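In: Generate a structure from the sequence data that follows.
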Amino acid sequence: MSTNPAVGDPLSAFHRLLTDEGQALLAELRSYDPGRELAVATRLRRDHPAGLVSAAIAQARLRQRAAAKFGPGDAARMYFTPDGVEQATRASVAAYRAGRLAALGVRRLADLCCGNGGDAIALARAGIEVLAVDRSPLTCAVARANAGALGLSDLIEVRCADVTEVDASGFDAVFADPARRGGRGGRGRIFDPEAYSPPLSWAVEAARRAPLAALKVAPGIPHESVPADAAAEWISDGGDVKEAVLWFGAASHEAPRVRATLLPGPRTLDSAGLPDPPPGPVGRYLYEPDGAVIRAHLVAEVAERVGGRLIDPTIAYVTSDEHRPTPYATAYEVTDALPFNVKRLKALLRERGVGTLTVKKRGSAVEPEELRRKVKPSGPGSATVFLTRVAGAPTMLLGRPVR
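Out: Residues are numbered from 1 along each chain as shown. Next comes the predicted model:
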């Protein structure tokens, strides 16, 4: 049995995973079952160093978590750090962004704050040569291993350096993804753009020096924080808002200043500069705009498409008397519009035999699980209840999705 890797040295432990012994362990853990971890670890430690077994099991655990973002095929061959999995771009979003950059003529790009290399991989698969930069030696080792594992080493050069000291002047474009989390045991998610690492202000200046640039930022970025010379795009995937991108240079001129993009598709809704639609009474249909549309402040554009109005000046639900299908909002047929009252809702659900209740809320302090416990739905039927405000009054809207 070989000797233990250096205790407490994550970089050394990771390099051991790349040896023949480490690869054999990872292959054995391909169908890793977290429920049997103790038994598996005990068995493997009979023939392998305890430190290497621990590193391999940790990597197998990370690969399972990463499958949701990268797909099971790529995730099973890639390597990750815990923070890298948490902060990585979903592969579908990275592929969309890479495709847009390639269509804009980008052939060489500097990926600043590359993390585990997910974005670099998508860019390389789009035919773009990438310089991937990160200041963490472990993160760089992981990114380099991922490029090799996926056969992209010829297109991805990984450099361990402080991104603020990298000269990107010879590249067609810059992509930057500043860290927005405090790290393991740290502050968790960071909301202040100037608390990013490096700060957003630095990334903006780096973007302005490039012919074309894209900065990945949190989808909750305030609109007033978007620089005047940038175009902002909010992206959702399968209905979940994933990120916002600030586009600079040539990319900022080829589209309106504000855009929402929905994946799969892509389906893109551009700002038309419309004023907020006036509120009005609840009609036969209720439209729930996609989260990217709401974040991009494009609810008015949806209302125009469906011939609708707001149910309340402060609530992003649109109502209309007719059904006009749109990919930018989910339509529900409203069956009841009632003042908020738990007892009345419970009686109504019992009368209709509703056992499957979907609870949505906007502008209400009531928690969905708390409401379910109180109304105790039972029966073969199903319904959706919206807890919201209509003309300022707490309201329950019952309905069903329009198929």
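In: After the lengthiest helix in the chain, which helix or strand is next?
Out: Identified as the longest helix of the chain according to DSSP state H is helix 50-75. The helix or strand immediately downstream of helix 50-75 is helix 82-87, counting by DSSP states H and E.
In: next one: the longest helix of the chain to chain centre, how far?
Out: Mean-position distance between helix 50-75 and its chain equals 20 Å (CA atoms, centre = their mean, to the nearest Å).
In: Report the rounded mean pLDDT for it.
Out: The pLDDT scores in helix 50-75 average 96.
In: Low-confidence bits of the stretch 151-300 of the chain, can you list those?
Out: 180-191, 193, 195, 254-255 (pLDDT under 70).
In: Please repeat the previous calculation with a cut-off of 90.
Out: Scanning the stretch 151-300 of the chain for pLDDT under 90 picks out 178-202, 225, 250-256.
In: Which parts of it are strands?
Out: For the stretch 151-300 of the chain, applying DSSP state E, counting those that start in this stretch gives strands covering 156-160, 173-176, 212-217, 231-237, 240-249, 258-263, 267-270, 285-289.
In: Give me the neighbour count for residue 267.
Out: Neighbour count for residue 267, taken as other CB atoms under 10 Å: 15. Bear in mind the C-beta positions are built from the backbone N, C-alpha and C, glycine included.
In: Are there helices or strands packed against the longest helix of the chain, and which ones?
Out: Using 3 or more CB pairs under 8 Å, 6 or more residues apart in numbering; DSSP states H and E as the contact test, the elements touching helix 50-75 are helix 10-17, helix 20-28, helix 37-44, helix 82-87, helix 91-103, helix 118-125.
In: Could you pull up the residues touching residue 150?
Out: Each residue near residue 150 by CB atoms under 8 Å, 6 or more residues apart in numbering is listed here: 74, 77-78, 121.
In: For residue 168, give me phi and psi.
Out: When read as degrees, to the nearest 10, the backbone of residue 168 gives phi -100, psi 20.
In: Extract the CA atoms of stretch 247-264 and return them as PDB.
Out: Output in PDB follows, covering the C-alpha atoms of stretch 247-264 (Å, rounded to 0.1, in the frame of the first residue of the first chain):
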ATOM      1  CA  TRP A 247     -22.300  43.300 -22.200                       C
ATOM      2  CA  PHE A 248     -19.800  45.900 -23.200                       C
ATOM      3  CA  GLY A 249     -18.200  47.100 -26.400                       C
ATOM      4  CA  ALA A 250     -19.500  45.600 -29.700                       C
ATOM      5  CA  ALA A 251     -21.900  43.300 -27.800                       C
ATOM      6  CA  SER A 252     -23.600  46.300 -26.100                       C
ATOM      7  CA  HIS A 253     -24.500  47.800 -29.500                       C
ATOM      8  CA  GLU A 254     -26.100  44.900 -31.200                       C
ATOM      9  CA  ALA A 255     -29.100  44.600 -28.800                       C
ATOM     10  CA  PRO A 256     -31.400  46.900 -26.700                       C
ATOM     11  CA  ARG A 257     -30.000  47.900 -23.400                       C
ATOM     12  CA  VAL A 258     -32.200  45.500 -21.500                       C
ATOM     13  CA  ARG A 259     -33.100  41.900 -22.500                       C
ATOM     14  CA  ALA A 260     -34.500  38.800 -21.000                       C
ATOM     15  CA  THR A 261     -33.500  35.400 -22.400                       C
ATOM     16  CA  LEU A 262     -35.300  32.200 -21.700                       C
ATOM     17  CA  LEU A 263     -33.700  28.800 -22.100                       C
ATOM     18  CA  PRO A 264     -34.200  26.300 -23.600                       C
END
